[in-house]
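J.: take a look and give me a structure for this.
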Amino acid sequence: MNKTLKIRDLTLRDGQQSLFATRMTQDQVDRVRPIYKEAGFFAMEVWGGAVPDSVMRYLNEDPWERLEKIKAVIGDSSKLTALSRGRNLFGYNPYPNTVIEGFNRNAVKSGIDIMRIFDALNDTNNISSTIKYVKENGGMADCTVCYTVDPKFRNRDRFLGLLKGKPLPGKIFTIEYFVRKAQELEKMGADMITIKDMAGLIPPVKSGIIIKLMKEEVGIPINFHTHSTPGYGLASVLTAILNGVDIIDTCILNFAGGPAAPSFEIVQLFCNKLGIETGVNLEAVVKINRELKKIRKELTDFDSYQIFPIDFDITKDKLPEEIDALFDKAIELARERKERELLATTQAIEQYFNFPPPNENVRTAEIPGGMYTNMLAQLKQLKLEKLLTHVLEIIPTVRLAAGLPPLVTPTSQIVGVQAVNCVIDENNGKPFYTTNSVQFVNLVKGLYGKTPFPIDPAFRKQITGSEQETPYNPKDYKKQDNPLLEEFGGVPLAQNEKEELLLELFPSVATTFLSNRIEQRHLAGIRAIQEEKRRKYEAEKAAYDKLSPEEKEKRLQEGLYSYKWTSYDHSEEDHDQDK
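T.: Okay, here's the model as predicted:
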């Protein structure tokens, strides 16, 4: 166990994305920026993920400006970090190196110190170009190993596999698998490794073992990232700390828990017990948390839980004796690897702080919470929610057919949508895979990269028409059009490289956003011209009024003024003609 622990605060990106659909406005971010400068977190995740899309789509704000404004205040007091999907950046489809280079260069230039890079297939080849471009531009490459679990097949599926001569695979996602991926990424130039458990499925004992082995086998810092959805998060963070993890991801109290990361305040209380120094200014954290509570109330329309944690000032509030004792008990249980009791204890701690209870559906199904809710929404739209149980049953076989991709965005959504499609096909008297999403076809084809388990060539032919794997070819990429907007004087839609990148990465959303911005600028220009004409008019009228009657008459006769121009009572139509 280390005597120091670095904290990466996720509040302004992953926290608000997990709890409030990424709806924090720039004004709300601005209210906490100066206090964050005082807090002194090792790092703050403020960008990437859903932020660039959401701030354009829902808030009509510029994502580059958001990043630059945060950097302007935070400076070097904390490292700013972002999340991207390697070759996929933010979407499903891969991009050529020209786009990847441009994005990462501009991200670092605009304020990103650490780029967290993940690939939904754990295909390290999809991460290599981002590592290169981030480091070339002076940033740090935080390379991610996505945690996932082996599918749990029904006995019926195992029996059918044996009958067909295709026994189902054994364990794929072993501890050794994750350690090996970390070693690969270190050799590729990673500056740190993050174990990214976006579904919160890593149990505490396994968390401790993975961290311990990675610390033994990898020579760069190890960061642990998890969520609290199924109830493992806090316990798994504790065992990671006890086994020497270097960096932990947390959110500040009012933006923590549930689908978000564990609370910083609770982690700090454990560190106090363990004699571990985080270096965080706790008085600043209290101020931030107080402001976040106001902001959370403002975001109530997007708050699916509407459950506020208790008010807790970590600088002065004392825990009840029985709750304080739970912290000591949890540490002892974590050291003894008594997992069931440890989980009960950490969940009791979170219950005291009034966090949402564990999501039993997610824990039982062993899938991400977002995947679960999206499948349910897809079925509800068709009034077929009764089929959800069957969808959950076939996810393992759909996932196997697609090469056992980790269940992390976007592959979790691809597998989830396809499982729903299969069950709907069956419900309509059709065979599985009659209806296939474009993304599922591309996944099976090989466009997204190498899957952890080989795809059956016969299945690939059934889905794509060819047995051969077809990897991504940059030559197939078509650059987005950048049209001239004649109605606004023939200006291009994207007027600089950053806007061109937005257009490449978010074509539909960025087209709307950039068009609106150009229209606003055009109208502002018209208003500025009108204002200049008005000022000129008033100045000339004021000068004219000071003249003697004789001088006024003389100037009118000389044609220096017209009666209309010197009169205030001419019509709006006449004024428009003056423009």
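J.: please report the residue range of the longest helix in this structure.
T.: Using DSSP state H, we find that the single longest helix of the chain is helix 507-545.
J.: and the nearest residue to residue 10 once chain neighbours are set aside, what are its phi and psi?
T.: Nearest-residue entry for residue 10: residue 45, 4.7 Å, with adjacent residues in sequence omitted and distances by Cβ to Cβ, 6 or more residues apart in numbering. Bear in mind the C-beta positions are built from the backbone N, C-alpha and C, glycine included. Residue 45 has phi and psi values of phi -90, psi 120 when expressed as degrees, to the nearest 10.
J.: any idea how far residue 45 lies from residue 9?
T.: In this structure, residue 45 and residue 9 are 7 Å apart, going by Cβ to Cβ, to the nearest Å.
J.: does residue 194 count as helix, strand or coil?
T.: Of the three states, residue 194 takes strand according to DSSP: H, G, I helix; E, B strand; the rest coil.
J.: now it, nearest residue through space, not along the chain?
T.: Excluding its sequence neighbours, the residue lying closest to residue 194 (Cβ to Cβ, 6+ apart) is residue 223, at 4.1 Å.
J.: contacting residues for that neighbour?
T.: Listed by Cβ atoms under 8 Å, 6 or more residues apart in numbering, the contact partners of residue 223 are 8, 142, 192, 193, 194, 195, 245, 246, 247, 248, 249.
J.: hang on, the last one in a helix?
T.: No - Residue 249: not assigned to a helix; according to three-state DSSP it is strand.
J.: mind listing what it touches?
T.: Taking Cβ under 8 Å, 6+ apart as the definition of contact, the neighbours of residue 249 are 7, 8, 10, 14, 45, 223, 224, 225, 226, 261.
J.: the same query, at a cut-off of 7 Å, please.
T.: Contacts of residue 249 were listed using Cβ atoms under 7 Å, 6 or more residues apart in numbering, and they are 8, 10, 223, 224, 225, 261.
J.: same question for residue 130.
T.: Applying Cβ under 7 Å, 6+ apart, the residues contacting residue 130 are 84, 86, 100, 104, 115, 117.
J.: what of residue 439?
T.: Neighbours of residue 439 in contact, by Cβ under 7 Å, 6+ apart: 92, 414.
J.: for it, pull up the helix or strand it's in.
T.: Secondary structure assignment for residue 439, by DSSP states H and E: helix 438-445.
J.: now the helix or strand just after that helix against helix 438-445, angle please.
T.: Sequence order places helix 457-464 as the next helix or strand after helix 438-445, per DSSP H and E. In terms of direction (axes from the mean of the first three to the mean of the last three Cα atoms, to 10 degrees), helix 457-464 departs from helix 438-445 by 150 degrees.
J.: buried stuff in helix 457-464?
T.: Along helix 457-464, the positions that meet the burial threshold by neighbour count (16 or more other Cβ atoms under 10 Å) are 459, 460, 463, 464.
J.: look up how far residue 445 lies from the last one.
T.: Distance from residue 464 to residue 445, counting by Cβ to Cβ: 5 Å.
J.: ok, back up a step: who does the strand or helix carrying the residue nearest to residue 194 pair up with?
T.: Applying DSSP H and E as the criterion places residue 223 in strand 222-226. In the sheet, strand 222-226 lines up against strand 192-197 (parallel), strand 247-250 (parallel) (DSSP bridges).
J.: how many neighbouring residues does residue 363 have?
T.: Burial of residue 363, expressed as a neighbour count using other Cβ atoms under 10 Å, amounts to 17.
J.: cool, residue 69 as well?
T.: Residue 69 sits with 17 neighbouring residues when counted by other Cβ under 10 Å.
J.: confirm it sits in a strand?
T.: No - going by three-state DSSP, the assignment for residue 69 is helix, not a strand.
J.: run through the residues that contact it.
T.: For residue 69, the contacting residues are residue 26, taking Cβ under 7 Å, 6+ apart as the criterion.
J.: and the gap between it and residue 134?
T.: Residue 69 sits 22 Å away from residue 134, going by Cβ to Cβ.
J.: all the strands of the chain, in order from the start?
T.: With DSSP state E applied, the chain shows strands at 6-9, 43-48, 79-84, 114-117, 140-146, 192-197, 222-226, 247-250, 484-485, 491-492, listed in chain order.
J.: I'd like those written out as a markdown table, with distance to residue 27 added.
T.: As requested, the strands of the chain are exported to a markdown table (distance: least, Cβ to Cβ, whole Å):
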| stretch | distance to residue 27 |
| --- | --- |
| strand 6-9 | 20 |
| strand 43-48 | 15 |
| strand 79-84 | 19 |
| strand 114-117 | 26 |
| strand 140-146 | 29 |
| strand 192-197 | 31 |
| strand 222-226 | 28 |
| strand 247-250 | 25 |
| strand 484-485 | 29 |
| strand 491-492 | 28 |
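J.: residue 25 is nearest to which of these?
T.: Taking Cβ to Cβ as the criterion, strand 43-48 is the member of the strands of the chain that comes nearest to residue 25, at 14.0 Å.
J.: pLDDT weak spots in this protein?
T.: 156-167, 559-579 (pLDDT under 70).
J.: now for residue 482, how many residues are close by?
T.: Other residues lying near residue 482 total 15 when counted by other Cβ under 10 Å.
J.: surely residue 20 touches residue 305?
T.: No - checked against Cβ atoms under 7 Å, the pair residue 20 and residue 305 is beyond contact range at 9.7 Å.
J.: looking at the two, which one has more neighbours?
T.: Between residue 20 and residue 305, counted using other Cβ under 10 Å, the more crowded position is residue 20 (21 against 13).
J.: dump the residue contacts of the more buried one.
T.: 299, 302, 303.
J.: got the contact list for the first one?
T.: Taking Cβ under 7 Å, 6+ apart, we find residue 299 in contact with 20, 23.
J.: show me the helices in the stretch 101-250 of the chain, by range?
T.: With DSSP state H, counting those that start in this stretch, the ranges of helices along the stretch 101-250 of the chain come out as 128-136, 155-163, 175-187, 204-217, 233-242.
J.: and these: which comes nearest residue 368?
T.: Between residue 368 and the helices of the stretch 101-250 of the chain, the shortest separation by Cβ to Cβ is 13.1 Å, and it involves helix 233-242.
J.: buried residues of stretch 25-40, list them for me.
T.: Residues of stretch 25-40 classed as buried: 25, 26, 28, 29, 31, 32, 33, 35, 36, 37, 39 (neighbour count, 16+ other Cβ under 10 Å).
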